[in-house]
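A.B. asks: For reference, the sequence and a predicted model appear below.
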Amino acid sequence: MHAFDVLGDPVRRRILELLAGGEQSSGDVTTVVRAEFGISQPAVSQHLRVLRENGFTTVRAEGARRLYSVDPGPLKEIDGWLEQYRRFWTGPLDALATEIARGRRERRKAAED
């Protein structure tokens, strides 16, 4: 499965967002995802399996619990692919940062006068 096929699903993207904060049990992930998406526990388990089988997550057993974490490898590959497109937004974002800084300077100067 292609990385964008894996990440094309909003449930799987949300699971990765949850795991980006650190390792979590499958139960904790399931609780959040079920509440937000209204899907069953087996459906959440299927999404976790897709992420694991495609290298986006790792899992380790701790007793009866399964602890998931992000595996950055596939995300680095996506980042590399996106590199060719960064020129489309890097310049405009830099220009936006310049305008924001200019506005702040002008407001500070006006407040000082």
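C.D. replies: Thanks, I have the structure now.

A.B. asks: Buried residues in stretch 6-15, which are they?
C.D. replies: Judged by neighbour count using 16 or more other Cβ atoms under 10 Å, the buried positions of stretch 6-15 are 6-7, 11-12, 14-15. Backbone N, C-alpha and C define where each C-beta goes, glycine included.

A.B. asks: Give me the contacts around that stretch.
C.D. replies: For stretch 6-15, contacts defined as Cβ atoms under 8 Å, 6 or more residues apart in numbering pick out 16, 29, 32-33, 36-37, 39, 43-44, 47-48, 50-51, 54, 56-57, 68, 74, 78.

A.B. asks: Where does pLDDT dip in this structure?
C.D. replies: Applying pLDDT under 70 to the chain flags the ranges 1.

A.B. asks: Which residue ranges of it form helices?
C.D. replies: 3-7, 10-20, 26-37, 41-53, 73-82, 87-112 (DSSP state H).

A.B. asks: picking up where we left off before, could you pick out the buried ones from the contacts of stretch 6-15?
C.D. replies: Buried among those by 16+ other Cβ under 10 Å: 16, 29, 33, 44, 47-48, 50-51, 54, 56-57, 68, 74.

A.B. asks: Just want the most central residue of the protein.
C.D. replies: residue 17 (4.0 Å; Cα atoms, centre = their mean).
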